[in-house]
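Visitor: Predicted model follows, preceded by the sequence.
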Amino acid sequence: MNLKSFDFLGIKKYTLTASAILMGLIIACALIFGVLLNVQFSGGTIVTYTYTGTIDEAAVKEAAETALQKSVSVNTKKGVNNLDSFEIVLNEKEGISADAQGKLTDEITKTFADNDVKLLSNSTVDPIIGMEFFAKSLVAIALAAVLIVIYVAFRFKRISGWSSGVMALMALLHDAIVVFGVFVIFRIPLDFNFVAVILTILGYSINDTIIIYDRMRENQRLYSDLSRTVLVNRSIGETLSRTINTTLTTIAAIAVICVVAVVCHVESILSFAFPLLIGMISGTYSTIFVACPLWTIWQDHKAKRSPKKAFAKSAR
């Protein structure tokens with residue numbers, strides 16, 4: 001199949017509808033099932049112990065709740081030199097006292113006497129500080145998005161810069177919601193990894209969009225008689241092989257990281273790599289099937305309202 005002649009915009013109704021349905025489902029899942037927040041954002045206490053051998057998370061949870069008389073969650077992590085660790089997480093605003101910490105350690109070491117359990121760290125995050133950081137993280141993401149729009153608007157004045165920037169932002173919003181959906185659907189608590197993934201995807205996705213915009217600008221200069229639909233389809237087709245090759249290479253590397261994280265039970269890496277993997281796929285999709293179709297629809301709308309200012313000839 002000749003990619004340069006494929007009608008990418010011909011299926012825009014289906015792709016935009018599919019994206020809208022997906023966004024609706026993600027928002028519905030968030031409202032129905034709720035959003036988990038890590039103690040980094042919600043506040044609480046994380047008590048970390050090292051151990052040797054094998055250990056049962058359910059047994060650790062039972063022992064911790066017996067000692068503290070509070071509900072906890074437990075996460076195990078693989079380490080090096082057979083020195084693994086587990087975290088006991090309490091979503092308590094006031095944390096735990098020194099006496100409670102002592103009772104917890106005594107109960108854990110007594111229950112798992114054969115595992116050489118030792119206290120590694122005890123950290124408490126105030127809920128106010130956690131939410132403030134979460135709010136600042138969202139502000140940082142919003143600021144990055146605004147700067148991207150401004151950059152695209154000024155760089156691509158030739159193809160109606162501000163609308164180009166806004167449609168690129170719509171694609172980025174699509175990707176951010178998809179990543180958010182991964183955290184919601186797979187019940188991954190929002191933490192620092194969520195912020196890192198979103199910022200990474202913003203940069204990755206906008207790079208693909210800029211490449212297509214750049215080819216659109218160049219093709220407009222070379223072939224001024226092209227209709228808008230042909231121009232966009234041709235520009236996507238001419239850059240698609242590069243986009244696919246880059247995406248597949250990146251996805252392959254991240255997929256390997258995901259597999260290693262699953263095999264080694266390194267949840268902290270998996271909670272970053274897996275959403276990033278889905279976000280990379282979404283970024284490539286949104287560039288072709290969200291940003292470009294929305295830009296074309298808006299330009300067509302402008303052409304109908306102000307024919308003299310139309311971007312290109314309206315003949316199809």
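Guide: Alright, I've got the coordinates.
Visitor: R305 - how many residues pack around it?
Guide: 9 (other Cβ atoms under 10 Å). All C-beta spots, glycine's among them, are computed from the backbone N, C-alpha and C.
Visitor: Check it and give its pLDDT.
Guide: With respect to pLDDT, R305 scores 77.
Visitor: same deal with K12?
Guide: With respect to pLDDT, K12 has a value of 93.
Visitor: Next up, the contacts around it.
Guide: F289, P293, T296, I297 (Cβ atoms under 8 Å, 6 or more residues apart in numbering).
Visitor: Mind telling me what element the third one is part of?
Guide: Counting by DSSP states H and E, the element that carries T296 is helix 292-305.
Visitor: same thing with M23?
Guide: Here M23 sits within helix 12-33, counting by DSSP H and E.
Visitor: what does T50 give?
Guide: With DSSP H and E as the criterion, T50 is inside strand 44-51.
Visitor: Give the rounded mean pLDDT of that strand.
Guide: 89.
Visitor: Now do it: which elements does it pack against?
Guide: If you count contacts as 3 or more Cβ pairs under 8 Å, 6 or more residues apart in numbering; DSSP states H and E, strand 44-51 packs onto strand 84-90, helix 98-111, strand 118-125.
Visitor: How about the secondary structure of I96?
Guide: Secondary structure assignment for I96 (DSSP: H, G, I helix; E, B strand; the rest coil): coil.
Visitor: so how many other residues sit close to the closest residue in space to it that isn't next to it in sequence?
Guide: Distances taken as Cβ to Cβ, 6 or more residues apart in numbering put T45 closest to I96, at 5.5 Å, once the chain neighbours are dropped. The number of residues packed around T45, counting by other Cβ under 10 Å, is 22.
Visitor: Only the buried residues of the helix holding T296, if you could.
Guide: C292, P293, L294, W295, T296, W298, Q299, A303 (16 or more other Cβ atoms under 10 Å).
Visitor: So for stretch 72-85, mean pLDDT?
Guide: Averaging pLDDT along stretch 72-85 yields 76.
Visitor: gap between the two ends of that stretch?
Guide: Taking Cα to Cα, to the nearest Å, the first and last residues of stretch 72-85 lie 16 Å apart.
Visitor: Contacts for that stretch, please.
Guide: If you take Cβ under 8 Å, 6+ apart as the criterion, stretch 72-85 is touched by 48-53, 55, 57, 60-61, 64-65, 86-91, 120, 264-268.
Visitor: can we see that at 6 Å?
Guide: Contact partners of stretch 72-85, identified using Cβ atoms under 6 Å, 6 or more residues apart in numbering, comprise 48, 50-52, 57, 60-61, 64-65, 86-90, 264-267.
Visitor: are any of those residues buried, and which?
Guide: Neighbour counting with 16+ other Cβ under 10 Å marks 48, 50-52, 60-61, 64-65, 86-90, 266-267 as buried within these.
Visitor: Would you point out the most distant pair within those?
Guide: Farthest pair in the buried ones among the contacts of stretch 72-85 (Cβ to Cβ) is E65 and V266. Separation: 25.3 Å.
Visitor: tally of neighbours for D99?
Guide: The local packing of D99 (other Cβ under 10 Å) involves 8 other residues.
Visitor: Check K78 too.
Guide: Applying other Cβ under 10 Å, we find 14 residues neighbouring K78.
Visitor: and I278, how many neighbours does it have?
Guide: A count of nearby residues for I278, using other Cβ under 10 Å, gives 19.
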